[in-house]
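# Here's a sequence, model it:
(4 chains)
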Number of protein chains: 4
Amino acid sequence: MSKFRVGIAGATGYIGSEFMRLCATHPHFEIAWVTSESSAGRKVHELFPNLRGYVRDEFRTFEPELLGECDAVGLCLPHGGAMELMATAVEKHPKVKVVDCSGDFRTSEFDLWERFYERKHTAREIQPKFVYGLTEFNREKVKKAQYVSNPGCFATSIQLVLAPFAKHGQLSGDIHVSAITGSSGSGNKPAQTTHHPERAQNVRAYKVLEHQHLVEIVPFMHSLNAKNDFDLFFVPQSGPFVRGIFATVFMPLNEKLTMASVDALVREAYGDEWFVQMVPGTPEMRLVLHTNHAQVSYRASGSTLVGMCAIDNLVKGGAGQAVQNLNLMLGLEETAGLMHPGGYV
Amino acid sequence: MSKFRVGIAGATGYIGSEFMRLCATHPHFEIAWVTSESSAGRKVHELFPNLRGYVRDEFRTFEPELLGECDAVGLCLPHGGAMELMATAVEKHPKVKVVDCSGDFRTSEFDLWERFYERKHTAREIQPKFVYGLTEFNREKVKKAQYVSNPGCFATSIQLVLAPFAKHGQLSGDIHVSAITGSSGSGNKPAQTTHHPERAQNVRAYKVLEHQHLVEIVPFMHSLNAKNDFDLFFVPQSGPFVRGIFATVFMPLNEKLTMASVDALVREAYGDEWFVQMVPGTPEMRLVLHTNHAQVSYRASGSTLVGMCAIDNLVKGGAGQAVQNLNLMLGLEETAGLMHPGGYV
Amino acid sequence: MSKFRVGIAGATGYIGSEFMRLCATHPHFEIAWVTSESSAGRKVHELFPNLRGYVRDEFRTFEPELLGECDAVGLCLPHGGAMELMATAVEKHPKVKVVDCSGDFRTSEFDLWERFYERKHTAREIQPKFVYGLTEFNREKVKKAQYVSNPGCFATSIQLVLAPFAKHGQLSGDIHVSAITGSSGSGNKPAQTTHHPERAQNVRAYKVLEHQHLVEIVPFMHSLNAKNDFDLFFVPQSGPFVRGIFATVFMPLNEKLTMASVDALVREAYGDEWFVQMVPGTPEMRLVLHTNHAQVSYRASGSTLVGMCAIDNLVKGGAGQAVQNLNLMLGLEETAGLMHPGGYV
Amino acid sequence: MSKFRVGIAGATGYIGSEFMRLCATHPHFEIAWVTSESSAGRKVHELFPNLRGYVRDEFRTFEPELLGECDAVGLCLPHGGAMELMATAVEKHPKVKVVDCSGDFRTSEFDLWERFYERKHTAREIQPKFVYGLTEFNREKVKKAQYVSNPGCFATSIQLVLAPFAKHGQLSGDIHVSAITGSSGSGNKPAQTTHHPERAQNVRAYKVLEHQHLVEIVPFMHSLNAKNDFDLFFVPQSGPFVRGIFATVFMPLNEKLTMASVDALVREAYGDEWFVQMVPGTPEMRLVLHTNHAQVSYRASGSTLVGMCAIDNLVKGGAGQAVQNLNLMLGLEETAGLMHPGGYV
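Purely as a prediction, here's the structure:
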C-alpha cells in the first residue's frame, strides 16, 4: 500500500512539531513537505533535534504549488493564517484534504468569533465546508469531509465531558468549568507568563469567563441536539507543568439530566471508544501524556453532576486528534499511527 | 516585654515544622517545648536542618506537666490527637491558650464529623469552647478565645471567597468549587500519591464531592448569617507542586447576590485587611507562597459569580493563620511575626 | 513472520512497566507472560492504566514452566532476584534467551560486587555466560549471546562518554564524574527521598564516591582495552525531575588522550550509530526523554576533556537498551520497536 | 537607632527585587529610593505584588542627586551599568557606600574580564577601590570598605568549597567543577532557554569551560594565598528548578592537600560561621532556598577530594550576601535582616 503524502504548513509551532512527529512514524503517511516562513531553508532536525533521523526534510516557504504534491494538508498556522491559506490557495486544489488546527473554521457564528479572536473573519464562505472534528461525536461526517476543523485543546477536554449528554439534549442550566493547562498550550514563543521562574511554581487564571473556546463548544453542543439549553462559564487556568489539561465540569442534575441516566449515557458514548477511557474515581493526567487518549470520570451527588477529563493538549487536544481525523478522511483505521501507550511515569 | 512561651505538640509534621519556623523568628514568642512521640530525644535541627541555629530544642515526649511551662500551645497533631490531648491534659490547665490545627474541633456537627473523619468524636463537651479561627471573619471572638480551632487549608481558601457574601446572608443555590493543592498538604509521610515520579507531572481529583472540609465550611458560613441557604459541591485536586492552593468558586448570581453588590461587599470585607489582598484579574499562587497572605479576585458574568483565592496551604492555610490567631488571643499585633513578604519568584 | 514470545519477570517496577510498554508495540514481539509476586492475579491495566488496551495479560506468579512458553525473558527483578531465578529455573531451559536488567551479572569482580551490593553473590558460575550489554560497544558479542546483562542507568550514560576513548586504551589518570538523575531511578516504592514535597525542589548527592555502578564501569572499560589505566570518582545526584540522566565527565588530556584525537575517536564511535547522537554544545536531556536515544557532546580545553551525555534512565538506561539487546540476540533489526522519536517539549 | 537609608539602582531585576524584599524587613534599613529606567513612575507593588504593603515606593529614573539622599546604594544593574554609574555619579558622593551586584568590579584582570564579558571595561581606575565581597573570607576588608563587589552566584558556591584550602595555599592541579543552577539565574527577561515548556524537564550545559565567573574565582583564590597553583574547569548547567545552585567540585588530593588536613581546614573555616553550615553526607539545596545560608559537605577518597555546596542563587548568591556585606560596611550585626530560616519543604 503506497503511503499518503501529507504536507504540514506552519510546522515550527508545538502543534506543528507534534504533527511532524506523528507523521514520521505513521505507517501510512509520509511527509510531503513542511513549511515555515521564519525558518525556510533550515533542516527540520536543526530546530527539532528530537526528530533527527526521523524527519529529513527542510522547511520551505509555502507556495501554492506544494498543494499539488500532496494528498492531505495539516494546517498548524496561527489563528488567521488558515483563513488566508484556504482562500488564496487550497480552494484551487479541489482534491486536497485539509485538517486545520487553528480556530479559524470551528464555528459559523462569525460575530462571536470576531469578538473573541479579535480579528476579521475573511473566509466566511469557506467555513461551511468544514466539519468540526471532535472525532468521537462527529465520526461519520469526518469520514466524508474534505475539510476538518480540529477542536481546541480546552474545547476537546470540556466537550468530552459534555457530549454524552448533549447528544440526547440533556444539557441545561448553568454549567461551570474549571480547567487547568500546561505551558505548552501557550506556544513556543517566550512570554512573561511562560517564563520559567514565573511559571514553575504558579497557578493562575486567565481570560476568566471569556476564553475563545466557548465559541466552538456552545454551537457544537447545540448541533448535537437542539434541545440543549445551557450557559457555559469557564475559568481557564495555567498550571506549573508542560503538557496536559485537567478539566472539571459541574452540570446541574434535574429532570432533564438525572443521576440514573448518567452511567448509561456515558457507557453508550464511550463503551466502544479506543481513545476515550472511562475510569473510576478520577482521571490521572500523567497517564495520558504523549498519547491520543482521554480519560473521563463522573460523579453525581444531590443536584450536581461532576465530570472530569484529562488529555494531552498537544495530542488529543491538537496534532493527535488531527491525525485521528485525517485517518478517517483517508479511509484508514482511525488508530493508525496513534497506538502509542504513554509511560506510567 | 517578656516573650510568651509557646509549646508545640506534634511538631514533626509539615504544619508543626512551619509552626516552629514562625515561632523561632517571632518577636514576642519563644518556644517553650516541642513534642514528638516518634522523635523524642532528638534535636530539632537533626530532623529539620533548615532550623539549625534557630531552634535549639530537642523533641520531647508529651507530658501534661509541660502545660505548666507555657502560655500557649499549638496543637499540630494528626486528627484525633487533639481531642485526646485536650480531654486528658489541657482542660486541667485552665490558663493555657490553645490553637488546634487539626480538624477535631472545627464543628459541632458531630454526626457529620464522624462520617467524614471516620472516627468517633470523643470530646464533644469541649468543642463548644473552641472558636473557629478564620481570623478575618471571627476576629472579635478569637481575641477573647481561650481555645481556637484553626481552619483547614482548603476551607480557608474557599471561605475567603465565600465569606464576604455569607456575612450578609447572600449565599444561595448550588455553589461549585474546584481547588488544587500542592503535595505538602498530604503531610510528610511518603505515599503512592505523593511519590515524586507519580506526582510530578500529574493532576488528579480525590474525595470528589466528599472532602471533609465541607464539614467546617457549611456550618461556619451559616453561623455568619442564618439566611445563607446553599449547597456546596467541592472537587479537591492534587497538583504537581509543593505548596499552595488555588481555589475557583462558582456562585449563582440572583436577586440575593447581585452583580452590583459584589464589589462593595468584597471591598467591605477586605479593604482594611492586611493579609487578604484583592487583586485584579487573577490571584497568582506563587506570590503568596511562604507567606500568610491570601489573594482573592472576583469576576461576574450573566448568572454566575466566580471568585478565586490563592494561599500557601502551610501558612495562611495552616501554621501562619494559627500564629495570627495566637497573636490576637495574646493581645499582640495580629501581624506580629508574620511580616514576611514572599519572593517574586 | 511469527512473533517472538517474550516473558517479563518482575513487571511491576518502573523498568518492568517500560519493558511491557515497549513490547506491547514492538512489531516482532508478543508478551508471553508477565510475573509479579505481589500482584499476581491482577490485570496489568489495573496497575498500569496507561497500558489499558495494549497489554491484556494478568500478572502471574513466576513458575519455572513459564520458561517453556517463551523465546526470551526480560528480568526486571530487584537486585538478587535475577541470580536466584537464573540458578533455580532459567539454566534448566537451555534455549531461552535472557536479558537481565538487574545488577546481578554485570561483572565478574565478585568481591567488589558483594561489597557494593551488600549481599552474597550466589550465582558466580553463571555470570561468565552473560555478555555485558552496552550495545554500541559490545554488539557482536550481544548478537551471539544467550544471556545479556543490561548496564545500569548511570553506567550507560557515563560509559557512552568514556568508551570511544577506552576502546583505544586512552583512559588514564583521575576521571571525575558528576551525574544527576530523575526520581524514577529510585523505583516505584515511596521513600522519604522521593517524597514529592522533599524532592520537587531539591538537588542532593548520595553514595558520594561509592555508587555501585563503578563496579561495572571500570571492568568493562578495561575489557575494551587493557591499556586503560584510570581511577573513576563519581558523585551521583538526585534532581527534581522524573526521567533522565545528565552526566558530566572530566577526563585528563595528555599524551595518551590528546585534543587532536578527540573528534576523530568520537566520530569513529558514533558516526554510524542510530541511538547515540553527537551534538554540538550540549546534550539536552528533554530531547531524549521517552526514547532510546542518547546525546553526547565533548569539549576540550587545556589539560581537560569534558564529555557530557543525556539519556532517559528508564529507556536507554533500562528497558529500551534491553529491547535493543534482545533485538540483536534474536536476529532482528537493532531498532525494531524502538523507533519512537521524543517530543520537542 | 535611626535607620540607614539605602537606595537600590536597577531594582526590577530578580536580584533587585530580592534586595528590596530584604531591605523592606531589615530592622536597620529603610529604602531611600529605587530606580528603574524602564518602569519609572510605576509603584513597586504594581510590578511586584509580593511587596504590596511592604514597599510603598515608586520606581524613579536614576539621577545623581539621589546619592545625596542615602547612606548606601545597592547596584543591581546589568553588567556594564555599574561601571557607568560609578564613573559618572557615585564617585562624586564620597560618603556613599556601595555594594555592586554586577560583574563589573569583581577583578582587576581587565583583559580577561573584557574577553569574558565581551565589552570594554571603562572604569579601570575605580576598580581597585572595590573589595571582593565573599564575606566569610574577606570580612575584615569588607568592614572597612566603601565599595564592595558582590560575588557572582556560581562563584559564591564554588569558592565556598575552595576557599578553606585556598587560604592555606593548598589548591593545586586541575580542579573540576560541575554546578547546576535554577532558571532565576537567567534574569527576568523571557528567552528560549527559560521558556517553561523547554526548561521544565531539561538539563543542559552552557558556556562549557568558558563561564565568566572563572574571571573572579581564580584571582580571588590566588589573593587568599599566592601559593595556590591550579587550573579550574567549570561546566555550568541549567536545571529544571527556579532557585538554587548545587556545585560539585573535584580537587586533587596530594602532598599539598591531604586527606588528613581536610576536616581541620573546613572546621577552621566554617566552625564559627552562621551562614555556612557544614553538613554530613550532602548539602540539600531545598533547605537553603530563600535564605542566606550555604551548606557545604566534603568527602575524600584516594587521590580526590569532592566538595559540594548548595546556596540560593538570589540570596547568598546575590542580594542576601549583598546585605550581609552592607551590614558589615555599616557597622551592624552581620546577620541583621537575614535571620530567615527556610522552610523544610
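# drop to CA atoms for contacts and neighbour counts, all remaining ones
Noted.
# State the distance from the nearest residue to residue A:232 once chain neighbours are set aside to residue B:250.
Once flanking residues are discounted, residue A:232 sits nearest to residue A:175: 4.9 Å by C-alpha to C-alpha, 6 or more residues apart in numbering or on different chains. Residue A:175 sits 10 Å away from residue B:250, going by C-alpha to C-alpha, to the nearest Å.
# ditto for residue A:207
15 Å.
# neighbour-wise, which of these two wins?
Neighbour count, other C-alpha atoms under 10 Å in any protein chain shown: between residue A:207 and residue B:250, residue B:250 has more, with 30 against 13.
# can you list the residues of the stretch 151-300 of chain A near chain C?
Proximity of the stretch 151-300 of chain A to chain C is confined to A:184, A:242, A:243, A:274, A:287, A:288, A:290 under the rule C-alpha under 8 Å from any C-alpha of the partner chain.
# what do you get if the cut-off is 10 Å, keeping everything else the same?
Contact residues (C-alpha under 10 Å from any C-alpha of the partner chain) of the stretch 151-300 of chain A with chain C: A:183-184, A:188, A:242-243, A:274-275, A:277, A:279, A:284, A:286-291, A:293, A:295.
# which of these come close to chain B?
Contacts with chain B within those, as defined by C-alpha under 10 Å from any C-alpha: A:242, A:243, A:284, A:286, A:287, A:288, A:289.
# just checking, what's the longest helix in chain A?
Taking DSSP state H as the criterion, chain A has its longest helix at helix A:153-166.
# How many residues are close by the residue in the stretch 151-300 of chain A positioned nearest to chain C?
Closest contact between the stretch 151-300 of chain A and chain C, by C-alpha to the nearest C-alpha, is at residue A:287 (5.3 Å). Using other C-alpha under 10 Å, the number of residues around residue A:287 comes to 28.
# which residues does residue A:318 contact?
A:14-16, A:18-19, A:76, A:100-102, A:150-154, A:156, A:185, A:292, A:312 (C-alpha atoms under 10 Å, 6 or more residues apart in numbering or on different chains).
# Try it again at 7 Å.
A:15, A:101, A:153 (C-alpha atoms under 7 Å, 6 or more residues apart in numbering or on different chains).
# the domain parsing of chain A - what is it?
A:4-151+A:316-329, A:154-312 (automatic domain parsing).
# Got phi/psi on the residue of the stretch 101-250 of chain A found nearest chain D?
Closest contact between the stretch 101-250 of chain A and chain D, by C-alpha to the nearest C-alpha, is at residue A:196 (4.3 Å). With angles defined as degrees, to the nearest 10, residue A:196 sits at phi -50, psi -50.
# looking at it, it is touching residue D:183, isn't it?
Yes - at 6.5 Å, residue A:196 and residue D:183 qualify as touching, with contact defined as C-alpha atoms under 7 Å.
# Could you check which of these two has the larger neighbour count?
Ranked by neighbour count (other C-alpha under 10 Å), residue A:196 and residue D:183 place residue A:196 first, with 34 against 28.
# what's the closest non-adjacent residue to that one?
residue D:196 is the one closest to residue A:196 (C-alpha to C-alpha, 6+ apart), at 4.3 Å.
# isn't that neighbour right next to residue A:191, touching?
No - taking contacts as C-alpha under 7 Å, residue D:196 lies outside contact range of residue A:191: 9.4 Å.
# near chain D, which residues of chain A show up?
A:183, A:184, A:190, A:191, A:192, A:194, A:195, A:196, A:197, A:199, A:242 (C-alpha under 7 Å from any C-alpha of the partner chain).
# show me the residues around the first one that make contact.
This means residue A:183. With C-alpha under 7 Å, 6+ apart, residue A:183 has these contacts: A:194, A:238, A:241, A:242, A:243, D:196, D:197.
# Spatially nearest residue to the third one (excluding sequence neighbours)?
Counting by C-alpha to C-alpha, 6+ apart, residue A:182 is the residue found nearest to residue A:241 once chain neighbours are left out, at 4.8 Å.
# what stretches of chain A score poorly on pLDDT?
Counting by pLDDT under 70, chain A shows low-confidence ranges at A:1.
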